[in-house]
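In: structure for this input, please:
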Amino acid sequence: MPFSVPTGGRVRCGLVLGGLVAGGLAAVAACGEIAHLRSSRRRLGAARTAAGRDQIIVVLGYRNPGRRANGLNRFRARAGLRSIDPAARSALMIFCGGPVAGPVPEAGVLERFACQELGYTGPALVETESATTWENIANAIPLIDEVLKTDSVISIVSNSHHAEKARDHLWQLRPDLGRRLIRGADYRFGELPLVKPIAAARGLLALRRLDRETADGGSPGRQ
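Out: Numbering: from 1, shown residues only. This is a model prediction of the structure:
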């Protein structure tokens, strides 16, 4: 087969097409970053930090088919631990999630990964019965009440939109606890770049549905 050199027009067309694809991917990634950043700052309480206060960190599990933490649960455990404010008076972790996709409760998977692989040695409680986000929060409330102090603050950790949904549930169930909510550290720029756009699209749809149900005067979606 004779060798042929691409013409200048073909080269330019390829460069333009490549630039458009790269620009489109960059725009999608940027939208995902912005959506997650905004979500991480919504439905919070009056406090801004845990400095000088007792901090309660609620980490929500994700479907885990086996005994070893999958990628999203590893991310959530890490985000939970980095949410600990070094200026807090004390910090306590609450890991949430039942055996939704496998034989082991998600809470146990999270706790084991945090302690055995991330080196967490602080106090922790586990909630091992919940199968939905609503149940995560409803079942975590009695555990929060056990350790709650006068100036305790609460961080809920997951991916940003899921955490925002969970914060909304806490406001619905216990506004007094909702007023104690502060940001967790589940948002970091550039982290999980392939996951963020998809999670943002799904999360925003879920939050809009939740807001619509609440505005219509019905019970919020218990998922």
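
In: where along this protein do the helices fall?
Out: If DSSP state H is used as the criterion, the helices of the chain fall at 8-40, 71-82, 106-112, 133-147, 160-173, 175-178, 196-215.

In: nearest to Leu92, of those?
Out: helix 133-147 (5.7 Å; C-beta to C-beta). Using the backbone N, CA and C atoms, a C-beta is placed for each residue, glycine as well.

In: chain center to the closest one, what's the gap?
Out: 17 Å (C-alpha atoms, centre = their mean, to the nearest Å).

In: likewise stretch 159-176?
Out: 11 Å.

In: list the buried residues of that stretch.
Out: 159-172, 174 (16 or more other C-beta atoms under 10 Å).

In: got it, and stretch 143-154?
Out: Buried, per 16+ other C-beta under 10 Å, within stretch 143-154: Leu143, Ile144, Leu148, Ser152, Val153, Ile154.

In: quick one: residues contacting Lys149.
Out: Listed by C-beta atoms under 8 Å, 6 or more residues apart in numbering, the contact partners of Lys149 are Asp54.

In: begin at 158 from here
Out: In the new numbering, first residue 158, that becomes Lys306.

In: need the phi and psi values for it.
Out: phi -120, psi 170 (degrees, to the nearest 10).

In: the one 10 residues further on now?
Out: When quoted as degrees, to the nearest 10, the phi and psi of Asn316 stand at phi -80, psi 160.

In: so it makes contact with His193?
Out: Yes. Applying C-beta atoms under 8 Å, one finds Asn316 in contact with His193, separated by 7.5 Å.

In: give me the common contacts of these two.
Out: Joint contacts of Asn316 and His193 (C-beta under 8 Å, 6+ apart) are Ala356.

In: any idea how far Arg195 lies from Gly228?
Out: 24 Å (C-beta to C-beta, to the nearest Å).

In: please apply the same query to Pro299.
Out: From Pro299 to Gly228 the distance is 30 Å (C-beta to C-beta).

In: what's the answer for Leu238, then?
Out: Taken as C-beta to C-beta, the span from Leu238 to Gly228 is 16 Å.

In: cool, and Ser196?
Out: 20 Å.

In: then Asn293?
Out: Asn293 sits 20 Å away from Gly228, going by C-beta to C-beta.

In: tell me which of those two has more neighbours.
Out: Asn293 (30 against 10; other C-beta atoms under 10 Å).

In: what's near enough to touch the more buried one?
Out: Val215, Leu217, Gly218, Cys253, Gly254, Glu284, Ser287, Ala323, His326.

In: now swap in Leu267 and tell me
Out: Contacts of Leu267 (C-beta under 8 Å, 6+ apart): Val216, Gly218, Ala226, Asn230, Arg233, Ala234, Gly237, Phe252, Gly254.

In: could you list the buried residues of stretch 258-274?
Out: In stretch 258-274, counting by 16+ other C-beta under 10 Å, buried: Ala258, Val261, Pro262, Glu263, Ala264, Gly265, Val266, Leu267, Glu268, Arg269, Phe270, Ala271.
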